[in-house]
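Colleague: Would you be able to build a 3D model of this:
(chains A and B)
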Amino acid sequence: MRIAVVGAGAMGCKFAVHLQRAAEVFLIEKNSFVVEAIRQQGGIVYITGDEEKVLPVAGVGFSPPREGRIDLALILVKGYDTLVAISAVGDSLSPEGAALSLQDGLGNREAIARVVDDHRALQGVTLEASRMLRPGRVLDTGRGATYLGPDPSDPARTEAICALFNEVGLKTYVARNLEGLVWDKLILSVGVNAFAVLFRVPHGPLESVPELRTLTHVAMDEAYKIARRKGIDVNSNYAERYQQLMADTAQHISTSLADYLSGRATEVDAINGQIVMEGGRLGIDTRINQLITDLVKAAENTRDVQLRLKEEVNV
Amino acid sequence: MRVAIVGAGAMGCKFAFRLTTYSDLVLLSRHRSQVEVIRQRGLTLIEDGHERSVPVNITDDHTEIQQPDLALLFVKAYDTQNAACLLPGMLASDGLVLTLQNGLGNREVIASVVDKQRVLQGMTFQAARMLRPDLVEDTGSRGVTYLASHSELETQIAEIAELFSSAGFPTKVIDDLDSVLWGKLLINVGLNALATLLRIPNRTFNKVKEVQDLSFRLMDEALQVAQAKGIRLPYDPKAMFVQVMEETGRMYSSTLLDAMAGKQTEVDVINGAIVREGERMGIETTLNALLVRFIKAMESSYPYRIA
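Modeller: Numbers count the residues shown, from 1 in each chain, chains lettered A, B, ... in the order given. This is a model prediction of the structure:
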């Protein structure tokens, strides 16, 4: 199988290093300094525990090679880059090929379907975790299952993707209730990313500081109500799962906070912003999500003038 | 006049610096280290780039303060209760207390401890910021100070106004203090909580639309509360907000500086005051209430900040 992994971030690199074992993998990335770094070091530097390996891919660049078609485009860019990402690979897809989004948040599959036929835009959700240390240098920070949505138009294609993923060690299932799984993950993200950015704290305090906890939990309650109203089969135990996750990853810096501090955009629009939009349509109160979205967007637009901690604010 | 200034922060120090020449003044600090350094080196004020130092009588022992005619309160709002408790044992029998503190509700807190006939309320547009415990910068000296009139204390209030004015704080006695108090409060409602959460200087409020939108929404709620209370505002608050953010563009709000230093903010007497007054008047103040909750969450998470 010829696969284009679009987005050489933490997750893109993690999927690429696994998939290259059994497929021809092209890593597509828009930032030239990332492309250069991966070329120079001869592949992706992948760190698991104390083991560090350089794993080559078939190619890395701004777009797939002109010759030959792509059977699967795996979209792993940030939500705000989805359209650009699918535009870079859409024309290279083979007639039976598909684009699969494993991104966080909502609305990514729909963005993909604006460029390729709807039945070729697939959605999944992954609980794999990783962190980018430097461009092309990625640390495995946790294993979790990956779920693919059922695809009535071509069930064999999805089965083949599922089999390949499992073959390379990515535990993968075809899930009948994919939307529920997407929302299960989304509800947790609603309580993490934007709050980490605004309050500039790692995961732990989001649960352990009572005044912060009430905010993160009300935000998740708002999201859960929307999922239920939409008839989505979501788990009701998100509060306990959030508590456990924040305790287990207490020192972890949310990717949104890391992005924000490095001058990149956050995914607040695809996470809390989606809750606000759905709330508006359904007439459900989403005031905490509204405010945190407004504040994080304002924070993104004022980054250049913000005071920094420990900077001499008095002089 | 014997004057005791309670609270040796930026405003307490600035008033002490100027009043000490014109009155028998003592400054009460909570910090032994500040008392020592000011006793040694005097108190220094920077104004337009020029430094000047004066000796100021300072102590951290309130029992040393002898029967002042006027106690001027300049502690942060969350310390008002504690500071007020020192006053009854300290004041002369006909001594007065004056609060020029930020926000709303300080007078009521003081009046719960001191005979309310002796508690005066004022408001000042003077501004200052602390650079070191013995060094304060004058960041706004043209602003008028207002004292609320009081029919039974006319002479005493006139004397205070005269003292302030001669020391360099132009002061007016007015009947409708609520008007100017709420006028300033409205500006603070739009400014402080947002500046603190976003860490931005004042000029940004006019430059970034998302920020100004939030400010105006906060002010709209406060305006409704003010209208319900029958407050006559001295100016159009939003137009004034834009003007003040322009004039003070390079400055950072005091609550933001407090937050950066890991100190509690005064949001309780600013946006929090709007919430309390809104509840009393039956007016919804959703956004102000949320901002207060966000600030409380921020204060509690200071120790965990990574940037």
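
Colleague: and A:Gly79, what pLDDT?
Modeller: Per-residue pLDDT puts A:Gly79 at 89.

Colleague: How about A:Glu311?
Modeller: The predicted local confidence for A:Glu311 is 56.

Colleague: can you check B:Lys76 too?
Modeller: If you check B:Lys76, the pLDDT there is 95.

Colleague: go on, A:Ser262?
Modeller: Predicted confidence (pLDDT) for A:Ser262: 91.

Colleague: where's it relative to chain B, distance?
Modeller: Distance, A:Ser262 to chain B, by Cβ to the nearest Cβ, to the nearest Å: 11 Å. For every residue, glycine as well, the C-beta is placed using N, CA and C.

Colleague: what about that residue, how many residues close to it?
Modeller: For A:Ser262, the count of nearby residues is 7 (other Cβ atoms under 10 Å in any protein chain shown).

Colleague: what's it in contact with, if anything?
Modeller: Counting by Cβ atoms under 8 Å, 6 or more residues apart in numbering or on different chains, A:Ser262 touches no other residue.

Colleague: Need the phi and psi values for it.
Modeller: A:Ser262 adopts backbone torsions of phi -90, psi 10, taken as degrees, to the nearest 10.

Colleague: and if you look at the one 5 residues further on?
Modeller: With angles defined as degrees, to the nearest 10, A:Glu267 sits at phi -100, psi 30.

Colleague: continuing past the longest helix anywhere in chain A, what's the next helix or strand?
Modeller: Longest helix in chain A by number of residues (criterion: DSSP state H): helix A:178-199. Using DSSP states H and E, the next helix or strand after helix A:178-199 towards the C-terminus is helix A:203-208.

Colleague: Contacts for that following helix, please.
Modeller: Here helix A:203-208 makes contact (Cβ under 8 Å, 6+ apart) with A:191-192, A:195-196, A:199, A:212-213, A:216, A:242-243, A:245-247, A:249-254, B:301, B:304.

Colleague: Can you say which of the residues you listed are buried?
Modeller: In these, burial by neighbour count holds for A:191-192, A:195-196, A:199, A:212-213, A:216, A:242-243, A:245-246, A:249, A:252-254, B:301, B:304, counting by 16 or more other Cβ atoms under 10 Å in any protein chain shown.

Colleague: could I get the strand ranked longest in chain A in PDB with only the CA atoms?
Modeller: Of all segments of type strand in chain A, defined using DSSP state E, the longest is strand A:93-101. The C-alpha atoms that make up strand A:93-101 are tabulated as PDB, following Å, rounded to 0.1, in the frame of the first residue of the first chain:
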ATOM      1  CA  LEU A  93      -5.300   9.600  -4.600                       C
ATOM      2  CA  SER A  94      -6.000   6.500  -6.600                       C
ATOM      3  CA  PRO A  95      -9.600   6.100  -7.800                       C
ATOM      4  CA  GLU A  96     -10.300   3.600  -4.900                       C
ATOM      5  CA  GLY A  97      -8.100   5.500  -2.500                       C
ATOM      6  CA  ALA A  98      -9.400   7.300   0.600                       C
ATOM      7  CA  ALA A  99      -8.400  10.000   3.000                       C
ATOM      8  CA  LEU A 100      -8.600   9.200   6.700                       C
ATOM      9  CA  SER A 101      -8.700  11.800   9.400                       C
END
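
Colleague: Please enumerate residues in contact with the host helix or strand of A:Ala219?
Modeller: Assigned by DSSP H and E, A:Ala219 falls within helix A:210-229. For helix A:210-229, the external contacting residues (Cβ under 8 Å, 6+ apart) are A:183, A:186-188, A:190-192, A:195, A:199, A:201, A:205-207, A:234, A:236, A:238-239, A:242, A:272, A:275, A:278-279, A:282, A:284-289, A:292, B:293-294, B:296-297, B:299-301.

Colleague: what angle do that helix and helix A:178-199 make?
Modeller: Put simply, helix A:210-229 runs at 150 degrees to helix A:178-199, going by axes from the mean of the first three to the mean of the last three Cα atoms, to 10 degrees.

Colleague: Pull out the buried residues from helix A:210-229.
Modeller: Under 16+ other Cβ under 10 Å, the buried positions of helix A:210-229 are A:212-213, A:215-227.

Colleague: rewinding a little: which of the contacts of helix A:210-229 are buried, as a ChimeraX select command?
Modeller: Buried residues among the contacts of helix A:210-229 (16+ other Cβ under 10 Å), as a ChimeraX selection:
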select /A:183,186,187,188,190,191,192,195,199,201,205,206,207,234,238,239,242,272,275,278,279,284,286,287,288,289,292 /B:293,294,296,297,299,300,301
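
Colleague: what number of residues lie near A:Pro150?
Modeller: For A:Pro150, using other Cβ under 10 Å, the count is 12.

Colleague: and it, how far is that from chain B?
Modeller: Here A:Pro150 is placed at a distance of 40 Å from chain B (Cβ to the nearest Cβ).

Colleague: tell me the contacts of that residue?
Modeller: By Cβ under 8 Å, 6+ apart, A:Pro150 lies in contact with A:158, A:174-176, A:178.

Colleague: At which residues are the helices of the chain located?
Modeller: Defaulting to chain A. Along chain A, counting by DSSP H, helices occupy A:10-19, A:32-40, A:82-89, A:108-112, A:155-167, A:178-199, A:203-208, A:210-229, A:238-248, A:255-261, A:272-282, A:287-301.

Colleague: I was after chain B.
Modeller: For chain B, applying DSSP H gives helices covering B:10-19, B:32-41, B:80-86, B:106-111, B:154-167, B:177-198, B:204-207, B:209-228, B:237-247, B:254-260, B:271-281, B:286-300.

Colleague: List the buried residues of the fifth one.
Modeller: Read it as helix B:154-167. Across helix B:154-167, burial judged by 16+ other Cβ under 10 Å covers B:156-157, B:160-161, B:163-164, B:167.

Colleague: And that helix, what does it pack against?
Modeller: The contact analysis (3 or more Cβ pairs under 8 Å, 6 or more residues apart in numbering or on different chains; DSSP states H and E) places helix B:154-167 against helix B:10-19, strand B:96-99, strand B:145-148, strand B:171-174.

Colleague: Can you check which of the ones you listed gets nearest to chain A?
Modeller: Checking the helices and strands packed on helix B:154-167 against chain A by Cβ to the nearest Cβ gives helix B:10-19 as the closest, at 10.5 Å.

Colleague: CA atoms only: put stretch A:105-117 into PDB for me.
Modeller: Output of stretch A:105-117 as PDB, limited to C-alpha atoms (Å, rounded to 0.1, in the frame of the first residue of the first chain):
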ATOM      1  CA  GLY A 105     -11.900  17.900  17.300                       C
ATOM      2  CA  LEU A 106     -14.900  18.100  15.000                       C
ATOM      3  CA  GLY A 107     -15.400  19.100  11.400                       C
ATOM      4  CA  ASN A 108     -12.200  17.600   9.900                       C
ATOM      5  CA  ARG A 109     -13.900  14.900   7.800                       C
ATOM      6  CA  GLU A 110     -16.300  17.500   6.500                       C
ATOM      7  CA  ALA A 111     -13.400  19.700   5.500                       C
ATOM      8  CA  ILE A 112     -11.800  16.700   3.700                       C
ATOM      9  CA  ALA A 113     -15.100  16.000   1.900                       C
ATOM     10  CA  ARG A 114     -14.900  19.400   0.400                       C
ATOM     11  CA  VAL A 115     -11.900  18.300  -1.700                       C
ATOM     12  CA  VAL A 116     -12.500  14.600  -2.300                       C
ATOM     13  CA  ASP A 117     -15.700  12.600  -2.800                       C
END
